[in-house]
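>>> what would the 3D arrangement of this be:
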Amino acid sequence: MFEVGRDWRGGGMLAGMDGRDGMRAADSDRAAVADRLRVALDEGRLDLHEYDERLQRAYAARTYADLKALLTDLPPVTPTQRSGLAPTAGPTVSLLGDQLGPASTSGVTARWLAEVWFPYLRVIAIVVTIWAVTSLLSQDLLYFWPAWVAGPWGAVLVVRTVSGMAAKEPQRQAIKRQRRRERRQAKRAIKPDDAPPTP
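Take a look at the predicted model:
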């Protein structure tokens, strides 16, 4: 989106923003700013209250100008991950971004598939066990009624899986989990400071 060759070095992460401040920011941009704020906290440039406030503003940001305002008083760094704010020669990568490495993508996808299919597999195992036990007790092979549970539900899950994979739902869920984790960590980090001093 910005001038080729501009990155976190030189003019900072949001370099090359002239005339683009009003443009909408992406999730990967917000995640990159949150990552920079975390680095600033680790370096001691922000205290916990400032970090928490800026982190909340970063995730609420709508435009590049909103994000730029959070970093203007921080020096530029060279992070391990980049966002759409700073294009590189290779593909854009966010914290859990739009393009993940093969290992990360497979892990995120496997977790999402487990969340979608595990309840189904557990219920089907239960109903098949009930069918097997009742067949055994009646000493006759009963009609396989669990198919009426497995069939329609399974068809719905197949459609959900295919549409979810096409819409990159696993990556979206991973980004949401990362945001929740960062907010919880920020709140936990703030709590000790809120305690009144002991006399």
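>>> isn't G154 right next to Y120, touching?
Yes. With contact defined as Cβ atoms under 8 Å, G154 reaches Y120; the gap is 6.7 Å. For the C-beta atoms, the positions are set from N, CA and C on the backbone; glycine is no exception.
>>> break this structure down into its domains, please.
Segmentation of the chain into domains, based on automatic domain parsing, reads 1-98, 102-194.
>>> doesn't V127 lie inside a helix?
Yes. Counting by DSSP: H, G, I helix; E, B strand; the rest coil, one finds V127 located in a helix.
>>> name the nearest residue to it, sequence neighbours excluded.
Distances taken as Cβ to Cβ, 6 or more residues apart in numbering put P146 closest to V127, at 4.3 Å, once the chain neighbours are dropped.
>>> likewise A150?
I124 (5.1 Å).
>>> from I130, how far out is the one you found?
11 Å (Cβ to Cβ, to the nearest Å).
>>> same deal with T109?
32 Å.
>>> for the residue nearest to V127, give me its contacts.
124, 127-128, 130-131 (Cβ atoms under 8 Å, 6 or more residues apart in numbering).
>>> of those residues, which is the nearest to Q178?
When the contacts of P146 are compared for distance to Q178 (Cβ to Cβ), I124 comes out closest, at 31.7 Å.
>>> rewinding a little: just name the most buried of the domains of the chain.
A comparison of those by mean neighbour count, using mean count of other Cβ atoms under 10 Å, puts domain 1-98 on top with a mean of 17.
>>> please work out the average pLDDT along that one.
Mean pLDDT, domain 1-98: 68.
>>> likewise stretch 168-184?
Rounded mean pLDDT across stretch 168-184 is 84.
>>> which stretches of this structure form strands?
Along the chain, no stretch is classed among the strands by DSSP state E.
>>> residue with max distance from the center of it?
What lies farthest from the middle of the chain is Q139; by Cα atoms, centre = their mean that is 52.1 Å.
>>> any idea how far A60 is from it?
In terms of Cβ to Cβ, Q139 sits 65 Å off from A60.
>>> and L113, by the same measure?
Using Cβ to Cβ, L113 is found at 31 Å from A60.
>>> check S106 too.
In this view, S106 and A60 are 32 Å apart by Cβ to Cβ.
>>> equivalent analysis for E169, please.
Counting by Cβ to Cβ, the gap from E169 to A60 is 23 Å.
>>> V149 now?
From V149 to A60 the distance is 43 Å (Cβ to Cβ).
>>> V159: what's it in contact with?
Contacts of V159 (Cβ under 8 Å, 6+ apart): none.
>>> that one and A147, how far apart?
V159 is 18 Å from A147, by Cβ to Cβ.
>>> Q56 now?
50 Å.
>>> tell me the pLDDT at the closest residue in space to V123 that isn't next to it in sequence?
Spatially, and ignoring its direct neighbours in sequence, V123 is nearest to V149 (7.0 Å; Cβ to Cβ, 6+ apart). Looking at V149, its pLDDT stands at 90.
>>> alright, calling it a day.
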